[in-house]
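A.B. asks: 3D model of this:
(chains A and B)
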Amino acid sequence: MSQIGTAAQPLRVAIIGAGPAGFFSAERLLKDSSMVIEVDMFDRLPTPYGLVRNGVAPDHQKIKSVTASFDRTAGNPRFRFFGNVELGRDISVDDLKDYYHQILYTTGAQTDRHLGIPGDNLIGSHPATEFVAWYNGHPDYRDLEFDLSQERVAVVGVGNVAVDVARILCRTREELMKTDIADYALEALSNSNVKEVYILGRRGPAQAAFTAPEAKELGELDDCDALVPADEAELDPLSQAAMAEADRADVRKVDIIQELSKRHPTGKSKRLHLRFLVSPTELIGDEHGRVKQMKLVHNELYATDAGSMRPRATDRTETLDVGLVFRSIGYRGLPLPGVPFHESWGVIPNNGGRVQGSDGALLGQYTAGWIKRGPTGVIGTNRPDANETVDNMLSDAREGLVLTPSHATADEALAFVGERQPCFVTFQDWKTLDEIELSRGKEQDRPRVKFTRVEDMLEALGKSCSS
Amino acid sequence: MKVRNILATKKGSLITIRANEPIRRAIAILVERRIGAMPVVDEAGQLVGILSERDVMRAAAQDENLFGRPVADIMTRSVVIGMPQDDVMSVAQTMLERRFRHLPIVDEGQLIGIISIGDVLKTQRDAYRGEADTLETQIIAEGEE
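C.D. replies: Residues are numbered from 1 along each chain as shown, chains lettered A, B, ... in the order given. This is a model prediction of the structure:
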């Protein structure tokens, strides 16, 4: 057998998941000059880019510009995309071991944690991530229904997903028209009855995970007044002390929140209430099992041994009338068939990206991105994370610590994938879909009009083999 | 960013020593594994202290024959403990202020890992790099409009 990583026998890598972590990893692999490396990237959807397409808010188009760098990577002749191919449905880890020297899992974190309170599963209580996937046109979520006839909505959590959801609920039709939000979501949100949106944070303004620009944006909505109760915007003495050492960005965020707390309603048709130091303790349903109220407890903060600020319930409680609840208290990953998984953290156990089984590192298996470290940071945070994993992959490959596939050529892998999923989608196919979406968008003066059904995508590509 | 986000990528790297083992063995492990400290546990695996290079140096300065003595003699007993849900930025501040470099992490009474000031530094560096990367991408995109 030729030496691995040469023109005669390239190092063949399978990447599972076409989001930012997958693309940053592919970029690092393909830029390595010490070895000849070929990358095949798989995604269960026909479309690449993961949460950049299906998670990033549609009114944040500029954040999506990172896809230009992903496209440059995809243009490398040693890169191939196999969309509409799912691990567990079409191919297995054992299959991959037969065609690749290394397997890299970059499947991200696609679901929400539960609140773990009574009434969590009442009708009208949803994971915020499902709402996000719905308005972004994710094919798996497009047919979900959210009762937007409700006037009062609670969003539990103060991360950027919570803020995105609240903002989208408060946007006007005119504001949404400028985005690439899914068609059906544009219609549903334009006709929504939502009047009051509550964002609920269990800690104070200083600990909120959203950023200063995100806070500022909430105060600049066309037809929605953003309000913060004055007492909840005040910092407790511990947080105040911590601010002395905080980043400027955090100081600015607190300033913005405190500025909002001085505002009064100006008569806009919706109101967004940013609440702090409150935790839901129960969702109360009506006789049809539908959410009608949320019980809240007010919290105070205490410092842990290591200096972190944590919430502690007081005896003050409150009841909020709400007919719709979105919980957004943290994304978590989903297990992949045949791959180790840390249940409570929702990640693949790893050491510097090397997947760890019960007896140590698993040969040739790696992970990067949110499924590696958990859902944290911005898109760019996945680059240093991916670099760490790829550097370990390259180091292992140089030492010969790779899988021993019996079919280690690009042609054999192509034939195999075609056999398992004849309707796989190439990057060129995706670019065709992209062109159609962009041109449909142009007609409506929108960034793009998305395909939201896999069948429609395959039909547009002339692939008549939907399974 | 939480402590658990660091620990998630350090699986299998927790090395502990029993309080009754000789210091000689502890030094050998520190050198071999290239680490600066390790949690000290009792028979039940419960955290009873931490042994760092500093502890060894301090003891060696006073007793040239320390190698055969038990770890319990020289370990630091009052240990600041972290939890997986602690914020990394707050932990960094505490480590700087109180001048310690290793933080054992305990979850529901069980020692599950240790993070070093190096881990914290790397996490902060990567967070800033990531933000800079994302901002740069957006600024370039705005320039192209």
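A.B. asks: State the number of residues packed around the nearest residue to A:Ser464 once chain neighbours are set aside.
C.D. replies: Closest residue to A:Ser464 apart from its sequence neighbours, by CB to CB, 6 or more residues apart in numbering or on different chains: A:Leu458 at 7.5 Å. The way it works is simple: take the backbone N, C-alpha and C, and place the C-beta from them, glycine included. Residues contacting A:Leu458 under the criterion other CB atoms under 10 Å in any protein chain shown number 21.
A.B. asks: Tell me the residues of the stretch 251-400 of chain A that contact chain B?
C.D. replies: A:304-310, A:342, A:345, A:347, A:349-353, A:356, A:360-361, A:372-374, A:376-385, A:388 (CB under 8 Å from any CB of the partner chain).
A.B. asks: which residues sit in contact with the residue nearest to A:Ser464?
C.D. replies: A:46, A:84, A:423, A:425, A:464-466 (CB atoms under 8 Å, 6 or more residues apart in numbering or on different chains).
A.B. asks: Any of the residues of the stretch 251-400 of chain A next to chain B buried? List them.
C.D. replies: The neighbour-count test (16 or more other CB atoms under 10 Å in any protein chain shown) applied to those identifies A:304, A:306-310, A:342, A:345, A:347, A:349-353, A:356, A:361, A:372-374, A:376-385, A:388 as buried.
A.B. asks: Next step: the residues you listed restricted to helices.
C.D. replies: In this view, these that belong to helices under DSSP state H are A:372-373, A:382-385, A:388.
A.B. asks: ok, those vs chain B, which is closest?
C.D. replies: Nearest to chain B among those is A:Pro384, at 3.9 Å by CB to the nearest CB.
A.B. asks: about what we covered before: among the contacts of A:Leu458, which lie within helices?
C.D. replies: The helices, defined by DSSP H, take in nothing from those.
A.B. asks: Just put those residues in CSV and tack on pLDDT, distance to B:Glu64 and neighbour count.
C.D. replies: Compiled in CSV, these are given as follows (pLDDT from 0 to 100; distance: CB to CB, whole Å; neighbours: other CB atoms under 10 Å in any protein chain shown):
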residue, pLDDT, distance to B:Glu64, neighbour count
A:Pro46, 98, 71, 26
A:Asn84, 97, 70, 25
A:Cys423, 95, 75, 20
A:Val425, 98, 71, 25
A:Ser464, 77, 83, 9
A:Cys465, 71, 79, 9
A:Ser466, 49, 78, 12
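A.B. asks: Output these in JSON lines, with distance to A:Gly285 appended to each entry.
C.D. replies: Below are those laid out as JSON lines (distance: CB to CB, whole Å):
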{"residue": "A:Pro46", "distance to A:Gly285": "39"}
{"residue": "A:Asn84", "distance to A:Gly285": "39"}
{"residue": "A:Cys423", "distance to A:Gly285": "42"}
{"residue": "A:Val425", "distance to A:Gly285": "43"}
{"residue": "A:Ser464", "distance to A:Gly285": "46"}
{"residue": "A:Cys465", "distance to A:Gly285": "44"}
{"residue": "A:Ser466", "distance to A:Gly285": "39"}
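A.B. asks: wait, what's in contact with the nearest residue to A:Val291 once chain neighbours are set aside?
C.D. replies: Once flanking residues are discounted, A:Val291 sits nearest to A:Gly124: 3.9 Å by CB to CB, 6+ apart. Contacts for A:Gly124 (CB under 8 Å, 6+ apart) come out as A:147, A:150, A:290-291, A:323-325.
A.B. asks: for A:Ala57, same thing?
C.D. replies: A:Ala57 neighbours (CB under 8 Å, 6+ apart): A:63, A:132, A:164, A:167-168.
A.B. asks: Flag whichever of those residues scores worst on pLDDT.
C.D. replies: pLDDT across those is lowest for A:Ile63, at 91.
A.B. asks: Does chain B have contacts with the strand or helix carrying A:Gly441?
C.D. replies: Assessed by DSSP states H and E, A:Gly441 sits inside helix A:427-443. No: on the criterion CB under 8 Å from any CB, helix A:427-443 is out of touch with chain B, staying 15.2 Å away.
A.B. asks: what does that helix rub up against?
C.D. replies: For helix A:427-443, contacts defined as CB under 8 Å, 6+ apart pick out A:46-48, A:74, A:79-81, A:83, A:180, A:447-451, A:457, A:460-461.
A.B. asks: which regions of chain A sit below the pLDDT cut-off?
C.D. replies: For chain A, the stretches flagged by pLDDT under 70 are A:1, A:466-467.
A.B. asks: quick revisit: just the C-alpha atoms of the helix holding A:Gly441, please, in PDB.
C.D. replies: Taking C-alpha atoms only, helix A:427-443 is exported to PDB below (Å, rounded to 0.1, in the frame of the first residue of the first chain):
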ATOM      1  CA  PHE A 427     -22.200  21.200  -4.500                       C
ATOM      2  CA  GLN A 428     -22.900  22.000  -8.100                       C
ATOM      3  CA  ASP A 429     -26.500  20.900  -7.600                       C
ATOM      4  CA  TRP A 430     -26.700  23.200  -4.600                       C
ATOM      5  CA  LYS A 431     -25.400  26.100  -6.600                       C
ATOM      6  CA  THR A 432     -28.200  25.500  -9.100                       C
ATOM      7  CA  LEU A 433     -30.700  25.600  -6.200                       C
ATOM      8  CA  ASP A 434     -29.000  28.700  -4.900                       C
ATOM      9  CA  GLU A 435     -29.400  30.400  -8.300                       C
ATOM     10  CA  ILE A 436     -33.100  29.600  -8.300                       C
ATOM     11  CA  GLU A 437     -33.600  30.900  -4.800                       C
ATOM     12  CA  LEU A 438     -31.700  34.100  -5.500                       C
ATOM     13  CA  SER A 439     -33.600  34.800  -8.800                       C
ATOM     14  CA  ARG A 440     -37.000  34.100  -7.100                       C
ATOM     15  CA  GLY A 441     -35.900  36.600  -4.400                       C
ATOM     16  CA  LYS A 442     -35.000  39.200  -6.900                       C
ATOM     17  CA  GLU A 443     -38.500  39.100  -8.300                       C
END
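A.B. asks: buried set for that helix?
C.D. replies: For helix A:427-443, the buried set under the neighbour-count rule, 16+ other CB under 10 Å, comprises A:427, A:429-430, A:432-434, A:436-437.
A.B. asks: now swap in stretch A:412-425 and tell me
C.D. replies: A:413-414, A:416-417, A:420-421, A:423-425.
A.B. asks: Output that stretch as PDB, nothing but the C-alphas.
C.D. replies: The C-alpha trace of stretch A:412-425 is given here as PDB (Å, rounded to 0.1, in the frame of the first residue of the first chain):
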ATOM      1  CA  GLU A 412     -15.300   3.900  -4.900                       C
ATOM      2  CA  ALA A 413     -16.800   6.200  -2.400                       C
ATOM      3  CA  LEU A 414     -18.800   7.900  -5.100                       C
ATOM      4  CA  ALA A 415     -20.200   4.600  -6.400                       C
ATOM      5  CA  PHE A 416     -21.000   3.600  -2.800                       C
ATOM      6  CA  VAL A 417     -22.900   6.800  -2.000                       C
ATOM      7  CA  GLY A 418     -24.800   6.600  -5.300                       C
ATOM      8  CA  GLU A 419     -25.900   3.100  -4.500                       C
ATOM      9  CA  ARG A 420     -27.100   4.000  -1.000                       C
ATOM     10  CA  GLN A 421     -28.700   7.300  -1.900                       C
ATOM     11  CA  PRO A 422     -29.200   7.800  -5.600                       C
ATOM     12  CA  CYS A 423     -30.600  11.200  -4.900                       C
ATOM     13  CA  PHE A 424     -27.500  12.700  -3.400                       C
ATOM     14  CA  VAL A 425     -27.000  16.400  -4.000                       C
END
